[in-house]
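J.: starting from these lines, generate the structure:
(2 chains)
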Protein chains: 2
Amino acid sequence: MAMNNRRVVLARRPQGMVSPDDFRLEEAAIPAPGDGEALVRVIYLTLDPYMRGMMSEGDSYADAVPVGGLMVGGTVGEVLESRDPSLQPGDIVEVYGGWQSHVVAPAAAMRKVDPALAPISTALGVLGMPGLTAYFGTLHVGQPRAGETFFVSAASGAVGAVAGQIARIAGARVVGCAGSDEKVAYCLEECGFDACFNYRTCGDIGAAMAAACPDGIDVYFENVGGEIGWNAFWLLNEHGRMAVCGTISNYNALAPETIEDPMWRFITRRLKVEGFLVTDFEADADKARGELAGWLAAGRIAWRETMVDGLENAPVAFGRLFEGSNFGKLIVKVGEEPGPQR
Amino acid sequence: MAMNNRRVVLARRPQGMVSPDDFRLEEAAIPAPGDGEALVRVIYLTLDPYMRGMMSEGDSYADAVPVGGLMVGGTVGEVLESRDPSLQPGDIVEVYGGWQSHVVAPAAAMRKVDPALAPISTALGVLGMPGLTAYFGTLHVGQPRAGETFFVSAASGAVGAVAGQIARIAGARVVGCAGSDEKVAYCLEECGFDACFNYRTCGDIGAAMAAACPDGIDVYFENVGGEIGWNAFWLLNEHGRMAVCGTISNYNALAPETIEDPMWRFITRRLKVEGFLVTDFEADADKARGELAGWLAAGRIAWRETMVDGLENAPVAFGRLFEGSNFGKLIVKVGEEPGPQR
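T.: Got it, this is the predicted structure:
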């Protein structure tokens, strides 16, 4: 049976909140791999907030996806055909393959995933980009010390929950906020946070944050920006640090917001605010992934996925990242995992 | 002849721009030093922008001066009487003595100044707190590398001019802005800046800054805040750093300003913004002062003072710091230097 490659392209640039109509599902022939390349059947596609930035032109750290172009994204899949000695058919690999069912890419751009280590979808979550983002943002940028208060927003998210648990392992008092009581319970009961509040129902966010952080905040892991982010900034203690990972509350905004000028506070509290990208730490990725896998194996880090079935449902699912209705790592199941008998 | 101690106290808390009427000159008996203390006749008093913050209650890094209390500040003077073996009459010392003609303080809080090294007033400027502030903010916080663009505001000031020259020694391309053509000429001709512009006459500040920094800004040494400070922030390159030393444009403000929310930019450019105080680096102060003295002796750092005669003129002179009519380190001559024949 001659199969086609199914792919989701950017149909148009979003205006404000992203919509399923901003995407289009297409079919095309599956290309053949050239020398040094492999053909991969995608099993899992990860959906992450940063993709919203790449749908628009303007201020970002990466070029925008062109209109009509394939949506980018991390994938895990099975090698069907390899023209490189490093990969064999049946190998499971992680590759930045995009929103499509089949990927042809250089073998050098693929990373073999060991299915014995953990479910292979974790290569897109706790053992993948979000987990590494949490690792580097927490340990290399924020650097919480034992006894310090570590606050994280989007605390049940793919990055936030791991960041909080790494900070807990580092000995910090870990506090978070999340958008539902179920998420708050997850942070408290499964992730071992010391405190967590529901920012949608708490009333005054600054007051709720101050109540949850009676000793102030020493390290803030910023995932959301906006009101939550700046409230956390003003609660930072002397020598407080802020690891700026994302500002999801702004990603669909049509115009910048205004805030109270914070510059003087940098001096009075000797604050350090630092933005980072996981790609800046690539040299240390293997070491970090090994440490995360060790914590996972030891049961020291909990993680959660929401699985959406079918590539065609990716556009609708993507919008949930910005509504807060997603829980944990959002993964699209594009194809079946290989059977256990292989 | 029984002399009195003349002292300037805070008469009232300023409302907005500081005024000479916010101060009061008083006379009191000169106290006698106790065990371990010394009596110092003040020769020079330094006036610095940070003192404005200590005249008001609220968000600062130090307690406010109480109404009726002695204005604080760094001084250099001559020991008249010592009840500590480490000091002898005639010694020249630096001490945080305040706005007064005579100081009694523990000898342990006094630092001997070598009059052979440089004019003793430099212990309050290029070899004192402002010079050390420039040193640590530039080399420990901003960390300019050879070939990078280093931008500094208040570029002819006691801190800014030294910061720029240290960055130049580190191999950076050094650009500044200042508030008069005379100050701009000083930065270019005496301090060796690569470019400098007059922010009062340049028209659009962002455009002038971009023109002076065609490769963007890698390190911004922030002395002024407000429009200049945020324009520099938005010009920071990837992995740009901002050493936040002061925000003098805000010090007399009655209400905070609002700005465009900058948080997303921290990520897209991987920026680091860090506030600092010279007092955080006290452990390294002697080493830094030694290096500064070496550069001074080698003629690698230019410095400039504005000398005001008489303690009674300190209140009027202090206001000049915020009008921009002061040039270089502002020093009040409170007493005569010892004669050369001693």
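
J.: skipping adjacent residues, who's closest to A:V40 in space?
T.: Of all residues not flanking A:V40 in the chain, A:G77 sits nearest, at 4.0 Å (CB to CB, 6 or more residues apart in numbering or on different chains). (Each C-beta comes from the backbone N, C-alpha and C, glycine too.)

J.: what secondary structure does that neighbour sit in?
T.: Under the three-state scheme (DSSP: H, G, I helix; E, B strand; the rest coil), A:G77 adopts strand.

J.: ok, the nearest residue to A:M110 once chain neighbours are set aside - contacts?
T.: Distances taken as CB to CB, 6+ apart put A:V93 closest to A:M110, at 4.1 Å, once the chain neighbours are dropped. Residues in contact with A:V93 (CB atoms under 8 Å, 6 or more residues apart in numbering or on different chains) are A:38, A:40, A:76-79, A:87, A:110-113.

J.: buried subset of the residues you listed, written for ChimeraX?
T.: Selection of the buried residues among the contacts of A:V93 in ChimeraX, burial being defined by 16 or more other CB atoms under 10 Å in any protein chain shown:
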select /A:38,40,76,77,78,79,87,110,111,113
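
J.: which bits of chain A sit near chain B?
T.: With CB under 8 Å from any CB of the partner chain as the criterion, chain A comes near chain B at residues A:59-61, A:222, A:225-226, A:229-230, A:244-247, A:250, A:256-261, A:263-277, A:280.

J.: just the buried members of those residues?
T.: The buried subset of those - by 16+ other CB under 10 Å - is A:60-61, A:222, A:225-226, A:229-230, A:244-247, A:250, A:259, A:261, A:263-277, A:280.

J.: check contacts around the residue in the stretch 51-200 of chain A that chain B sits nearest to.
T.: Shortest the stretch 51-200 of chain A-to-chain B distance, computed as CB to the nearest CB: residue-wise this is A:Y61, at 4.6 Å. Counting by CB under 8 Å, 6+ apart, A:Y61 touches A:53, A:277, B:267-270.

J.: repeat that for 7 Å
T.: By CB atoms under 7 Å, 6 or more residues apart in numbering or on different chains, the residues touching A:Y61 are A:277, B:267-268.

J.: any idea how far A:A255 is from B:F318?
T.: Distance from A:A255 to B:F318, counting by CB to CB, to the nearest Å: 42 Å.

J.: higher neighbour count, these two?
T.: Shown here are A:A255 and B:F318; by other CB atoms under 10 Å in any protein chain shown, B:F318 has more neighbours (28 against 7).

J.: secondary structure class for that one?
T.: Recorded secondary structure, B:F318: helix (three-state DSSP).

J.: so how many other residues sit close to the closest residue to it other than its chain neighbours?
T.: Spatially, and ignoring its direct neighbours in sequence, B:F318 is nearest to B:L47 (5.1 Å; CB to CB, 6+ apart). If you count neighbours by other CB under 10 Å, B:L47 ends up with 25.

J.: what pLDDT is listed against B:L47?
T.: At B:L47, the pLDDT value in this model is 97.

J.: correct me if wrong: it contacts B:A314.
T.: Yes: when contacts are counted by CB atoms under 7 Å, B:L47 is listed as touching B:A314 (6.4 Å).

J.: overlap in contacts of these two?
T.: Listed as contacting both B:L47 and B:A314 by CB under 7 Å, 6+ apart are B:V332.

J.: where along the stretch 51-200 of chain A do the helices fall?
T.: Secondary structure of the stretch 51-200 of chain A (DSSP state H, counting those that start in this stretch): helices at A:129-135, A:160-169, A:181-185.

J.: Throw the ones you listed into a markdown table and include mean pLDDT and distance to B:C213, thanks.
T.: Shown next, in a markdown table, are those (pLDDT from 0 to 100; distance: least, CB to CB, whole Å):
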| stretch | mean pLDDT | distance to B:C213 |
| --- | --- | --- |
| helix A:129-135 | 97 | 31 |
| helix A:160-169 | 98 | 35 |
| helix A:181-185 | 97 | 45 |
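
J.: make JSON lines out of those and add mean neighbour count.
T.: Shown next, in JSON lines, are the helices of the stretch 51-200 of chain A (neighbours: other CB atoms under 10 Å in any protein chain shown):
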{"stretch": "helix A:129-135", "mean neighbour count": "27"}
{"stretch": "helix A:160-169", "mean neighbour count": "28"}
{"stretch": "helix A:181-185", "mean neighbour count": "17"}
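
J.: distance between the ends of stretch A:119-133?
T.: End-to-end distance of stretch A:119-133: 19 Å, with CA to CA, to the nearest Å as the criterion.

J.: other residues contacting that stretch?
T.: Stretch A:119-133 is contacted by residues A:43-44, A:46, A:74, A:76, A:92, A:94, A:113, A:118, A:158-159, A:162, A:245, A:278, A:285, A:288-289, A:292-293, A:296, A:301, A:303, A:305, A:329, A:331, A:337 when judged by CB under 7 Å, 6+ apart.

J.: report the central residue of chain A.
T.: Among the residues of chain A, the one closest to the centroid is A:P130, at 3.8 Å (CA atoms, centre = their mean).

J.: measure that residue to B:M110 for me?
T.: Going from A:P130 to B:M110 by CB to CB gives 56 Å.

J.: what's the offset of the helix or strand containing A:V9 from the middle of its chain?
T.: Using DSSP states H and E, A:V9 maps to strand A:4-10. Here strand A:4-10 is found 22 Å from its chain centre; the criterion is CA atoms, centre = their mean, to the nearest Å.

J.: could I have the CA atoms of stretch A:142-162 written out in CSV?
T.: Output of stretch A:142-162 as CSV, limited to C-alpha atoms (Å, rounded to 0.1, in the frame of the first residue of the first chain):
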residue,chain,number,x,y,z
GLY,A,142,17.9,30.0,39.2
GLN,A,143,20.3,28.0,41.4
PRO,A,144,18.0,27.5,44.4
ARG,A,145,19.8,26.6,47.6
ALA,A,146,18.6,24.5,50.5
GLY,A,147,16.0,26.4,52.6
GLU,A,148,15.3,29.0,49.9
THR,A,149,11.8,29.6,48.6
PHE,A,150,11.4,28.5,44.9
PHE,A,151,8.3,29.7,43.2
VAL,A,152,7.1,28.4,39.8
SER,A,153,4.1,29.4,37.7
ALA,A,154,2.3,27.0,35.4
ALA,A,155,3.3,24.6,38.2
SER,A,156,1.6,21.5,36.9
GLY,A,157,2.9,22.0,33.3
ALA,A,158,5.5,20.0,31.5
VAL,A,159,8.2,22.4,32.5
GLY,A,160,6.9,23.8,35.7
ALA,A,161,6.2,20.5,37.5
VAL,A,162,9.7,19.2,36.7
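
J.: chain center to that stretch, what's the gap?
T.: Its chain's average C-alpha position is 14 Å from that of stretch A:142-162, according to CA atoms, centre = their mean.

J.: all helices of the stretch 201-342 of chain A, in order?
T.: Secondary structure of the stretch 201-342 of chain A, counting by DSSP H, counting those that start in this stretch: helices at A:205-212, A:226-234, A:263-268, A:285-297, A:314-323.

J.: and the contacts of the longest one?
T.: In this case it means helix A:285-297. Residues contacting helix A:285-297 (CB under 7 Å, 6+ apart): A:117-118, A:126-127, A:131-132, A:135-136, A:169, A:301.

J.: so which bits of that helix are buried?
T.: A:285, A:288-289, A:292-293, A:295-296.

J.: how about stretch A:46-65?
T.: A:46-56, A:60-61, A:65.

J.: with stretch A:324-331 instead?
T.: A:324, A:326-331.

J.: okay, how far is it across it, tip to tip?
T.: End-to-end distance for stretch A:324-331, by CA to CA: 15 Å.

J.: what is the mean pLDDT for it?
T.: Taken as a whole, stretch A:324-331 has a mean pLDDT of 91.

J.: related to what we said a few turns ago, by contact count, what packs against the strand holding A:V9?
T.: Secondary-structure packing of strand A:4-10 (3 or more CB pairs under 7 Å, 6 or more residues apart in numbering or on different chains; DSSP states H and E): strand A:23-29.
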